[in-house]
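> Here is the input, now give the coordinates:
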Amino acid sequence: MKTTIEAIILAAGRGERMGKGVLKALLPLGESTFIEEILGNLMQAEVTRIHIIAAEEGMKLLAPVSQKFNAELILNTEIEKGTLFSLWLGLQHLSEHSEGCISWPVDMPLVTLYTVKEILHSALLTTKSIIVPVYHRKRGHPVIFKGAIIPELLKAPLDKGARWVLHSFPEQVEEVPVNDEGILKNINTPEEYELLNK
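Residues are numbered from 1 along each chain as shown. As a prediction, the model looks like this:
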C-alpha cells in the first residue's frame, strides 16, 4: 500500500571518524551500498517520494544512485549545523499532500524491510505524531514524524537535534517494538564497518 509519508535520507555528514575522503553512503554492503540498501527498502515499502540530503562533495557521487531510484538530491552547504539542519532542508521539499516524513541517517543501513513496513503501518493506525522503532526497550532509527509535529521540529534547537522533540512531547511518541538490532547500529568507524564484513 502506497503511503504519502516521504523519506528524508540524511547523508550530508562528513563521516570524519570513518576516514578522510570516505563517503559513507557509498560504502559497500554485500553486493549493495549503504544508501542502495536504504533506498531499496524504502521502495519495497512503497515510499514513493525520497529526498537525499548531501554535502557538496556528495552531490556528483550520489547522482547516479539518486537517478536510479528516482530520488531527489538536496544540497546542504551548511553541514556544520548538524543533522537537524539537514532534516529541515528535507522538510522544505515535502509535497503539499505529504502526511509527514521518515527520517533515516545513511549510516544506519542494517534496518530491515520488516521494520520499515511496521513503523509505516503504525503511522497509519496511531493518532500520535512520532513513530519510533524499539529493540529491547531501546529507541532507534528511522523515525517517522507526522505533519502535526513538523512545526515543533522546525523550532527545535539545532544543538539538541530531533531528539529534543521526542523529549519535549512524550505523549506524541508511539513506540513500535521490532526484532531488529539494526535500528540501533550506526556505522561510524572503520572498526564498526569491518565487523560488518566478518
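
> Which residue ranges of this structure form helices?
Remark: helices assigned in the chain by DSSP state H are 34-44, 56-68, 83-91, 113-125, 150-153, 163-168, 190-196.

> Pull the residues that contact the first one.
For helix 34-44, the external contacting residues (C-beta atoms under 8 Å, 6 or more residues apart in numbering) are 7, 9, 11, 24-27, 29, 32, 50, 52, 62, 65, 69, 71, 102, 104, 106-113, 116, 187. Using the backbone N, CA and C atoms, a C-beta is placed for each residue, glycine as well.

> orientation of that helix relative to helix 113-125 in degrees?
50 degrees (axes from the mean of the first three to the mean of the last three C-alpha atoms, to 10 degrees).

> Just want the angle from helix 34-44 to helix 56-68.
40 degrees.

> related to what we said a few turns ago, JSON lines for the helices of the chain, including mean neighbour count and distance to Arg137?
Formatted as JSON lines, the helices of the chain follow (neighbours: other C-beta atoms under 10 Å; distance: least, C-beta to C-beta, whole Å):
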{"stretch": "helix 34-44", "mean neighbour count": "21", "distance to Arg137": "24"}
{"stretch": "helix 56-68", "mean neighbour count": "15", "distance to Arg137": "35"}
{"stretch": "helix 83-91", "mean neighbour count": "21", "distance to Arg137": "24"}
{"stretch": "helix 113-125", "mean neighbour count": "17", "distance to Arg137": "16"}
{"stretch": "helix 150-153", "mean neighbour count": "16", "distance to Arg137": "24"}
{"stretch": "helix 163-168", "mean neighbour count": "16", "distance to Arg137": "15"}
{"stretch": "helix 190-196", "mean neighbour count": "13", "distance to Arg137": "22"}
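
> between these, which gets the lowest average pLDDT?
When the helices of the chain are ranked by mean pLDDT, helix 190-196 comes last with a mean of 84.

> by contact count, what packs against it?
Packed against helix 190-196, as judged by 3 or more C-beta pairs under 8 Å, 6 or more residues apart in numbering; DSSP states H and E, are no other helices or strands.

> any residues touching that helix, and which ones?
With contact meaning C-beta under 8 Å, 6+ apart, helix 190-196 is reached by Met18, Gly19, Leu27, Leu29, Leu110, Lys185, Asn186, Ile187.

> Same check on stretch 64-82?
9, 12-14, 25-26, 33, 35-36, 39-40, 43, 49-56, 59, 62-63, 85-86, 89-90, 93, 158-159, 161.

> tell me which residues in it are buried?
Val65, Ser66, Phe69, Ala71, Leu73, Ile74, Asn76, Ile79, Gly82 (16 or more other C-beta atoms under 10 Å).

> Please name the nearest non-neighbouring residue to the fifth one.
In space, not counting the residues next to it along the chain, Leu73 is nearest to Ser66; the distance is 4.7 Å by C-beta to C-beta, 6 or more residues apart in numbering.

> hmm, back to that, among the buried residues of stretch 64-82, which pair sits farthest apart?
Phe69 and Gly82 (25.5 Å; C-beta to C-beta).

> nearest spatial neighbour of Val176, skipping sequence neighbours?
Using C-beta to C-beta, 6+ apart, the closest residue to Val176 is Ser122 (4.8 Å).

> Sounds good, over and out.
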